[in-house]
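Novice: Turn this into a model:
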Amino acid sequence: MSVEDVTVARWKRFGHDRAYATHADGTSLGYRDLASGSDHPEPAADADLLRRAVDAWAAIESLVASMPDPAVAPDAITATVMPLVPAWTDLASNPPGVMARAQAIAEWERRKSARRVMPHLERLFNVHTDERSWRKGADGEEVVGARLERLAAKDPRWRFLHAVPVGSRGSDIDHVAIGPAGVLTINAKHHDKAKVWIGGDTLMVNGHRQPYVRNSRHEAMRASRLLTGACGFEVSAVGVIAIVGGVEIKTKAPPADVSVVRQKDLNRWLRRLPVILGEDRIERIYDQARRSTTWACS
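Specialist: Residues are numbered from 1 along each chain as shown. Next comes the predicted model:
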């Protein structure tokens, strides 16, 4: 397998600093502990591929970090021959759910390292834990991502990005859709056999109020601001909540500027939206959206 088919994402939390590697088919290869330099491949993964992929990623990271500060006057910089490396990461290669999956793995290992004897039993009996939440979240993102990619295969005007990192605090947008209907930020929410009730900005799952509408609205507004700044023209994004799982949805009144859609209905819903963007504008927005630097600001 080729290193070009592997995505490497850095992750920092709970005092850890790691680089997680994921194959293009969504298979986790494992991670490297950047503090110790030791590799931790998944049991069935290719350890050599993990090593080569992270080595290549680390080399590019080092070269980018060594590039001169653009704010410094050119005549103050000693002339050197610099390798031609991109100053940004192409997010188009991010597989769905990669960041949530890394969070789930880290939480699982944190609980084990605390010498708890319960994690395996908690997973066996499906106990509600942070690890379970991240794992189910990653599962939901993968389901939605696979469905969106089927739409892209049928209609190449649609472009999708997954697990888009935003800012420097570890947050990300599950999916960014760019197509004839405009720009949409899609937040996957995985609830099995649940009852969802919607009344304006209030969304309840099994009787418990959730901040999904508020968060989706904020996510879309943030994407609008960042894409507008990167593109140099007004880009308006709309928030979408994609519900994954066998759920019953009752809507008393839909939110004013956020849509709630079942995952199984998502592609049909997207295709029925009015066309507001031409192919040239879609490409221009996508070209900026796929750059990690577009989303680096908070």
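
Novice: When you work out contacts or count neighbours from here on, use the C-alpha atoms and nothing else.
Specialist: Noted.

Novice: Tell me which residues touch V235, please.
Specialist: V235 makes contact with 183, 224-225, 227-228, according to C-alpha atoms under 8 Å, 6 or more residues apart in numbering.

Novice: at 10 Å what do you get?
Specialist: Contact analysis of V235 by C-alpha atoms under 10 Å, 6 or more residues apart in numbering lists 182-183, 223-229, 281, 285.

Novice: Can you add distance to T89, pLDDT and secondary structure and give those back as a markdown table?
Specialist: Formatted as a markdown table, the contacts of V235 follow (distance: C-alpha to C-alpha, whole Å; pLDDT from 0 to 100; DSSP: H, G, I helix; E, B strand; the rest coil):
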| residue | distance to T89 | pLDDT | secondary structure |
| --- | --- | --- | --- |
| G182 | 23 | 97 | strand |
| V183 | 21 | 98 | strand |
| A223 | 18 | 96 | helix |
| S224 | 20 | 96 | helix |
| R225 | 20 | 95 | helix |
| L226 | 16 | 95 | helix |
| L227 | 16 | 96 | helix |
| T228 | 19 | 96 | helix |
| G229 | 18 | 94 | helix |
| R281 | 22 | 96 | helix |
| I285 | 16 | 96 | helix |
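
Novice: Any of those buried? List them.
Specialist: 182-183, 223-224, 226-228, 281, 285 (16 or more other C-alpha atoms under 10 Å).

Novice: Other residues contacting stretch 196-211?
Specialist: 191, 193-195, 212-214, 217, 243, 247-258, 260.

Novice: quick one: which of those residues sit in helices?
Specialist: Those of those mapping onto helices are 212-214, 217, per DSSP state H.

Novice: Tabulate these (JSON lines), appending pLDDT and neighbour count.
Specialist: Output for these, formatted as JSON lines (pLDDT from 0 to 100; neighbours: other C-alpha atoms under 10 Å):
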{"residue": "Y212", "pLDDT": "95", "neighbour count": "20"}
{"residue": "V213", "pLDDT": "96", "neighbour count": "24"}
{"residue": "R214", "pLDDT": "95", "neighbour count": "15"}
{"residue": "R217", "pLDDT": "96", "neighbour count": "23"}
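
Novice: All the strands of the stretch 51-200 of the chain, in order from the start?
Specialist: Along the stretch 51-200 of the chain, counting by DSSP state E, counting those that start in this stretch, strands occupy 159-166, 171-179, 182-190, 195-199.

Novice: got CSV for those strands, with distance to N94 too?
Specialist: Formatted as CSV, these follow (distance: least, C-alpha to C-alpha, whole Å):
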stretch, distance to N94
strand 159-166, 6
strand 171-179, 10
strand 182-190, 15
strand 195-199, 30
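
Novice: so which of the ones you listed comes closest to A56?
Specialist: strand 159-166 (20.5 Å; C-alpha to C-alpha).

Novice: what packs against that closest one?
Specialist: Packing partners of strand 159-166 (3 or more C-alpha pairs under 10 Å, 6 or more residues apart in numbering; DSSP states H and E): helix 98-113, helix 130-154, strand 171-179, strand 182-190, helix 212-231, helix 279-289.

Novice: Now render those as TSV, adding distance to Y20.
Specialist: TSV is the format used below for those (distance: least, C-alpha to C-alpha, whole Å):
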stretch	distance to Y20
helix 98-113	7
helix 130-154	15
strand 171-179	16
strand 182-190	22
helix 212-231	25
helix 279-289	22
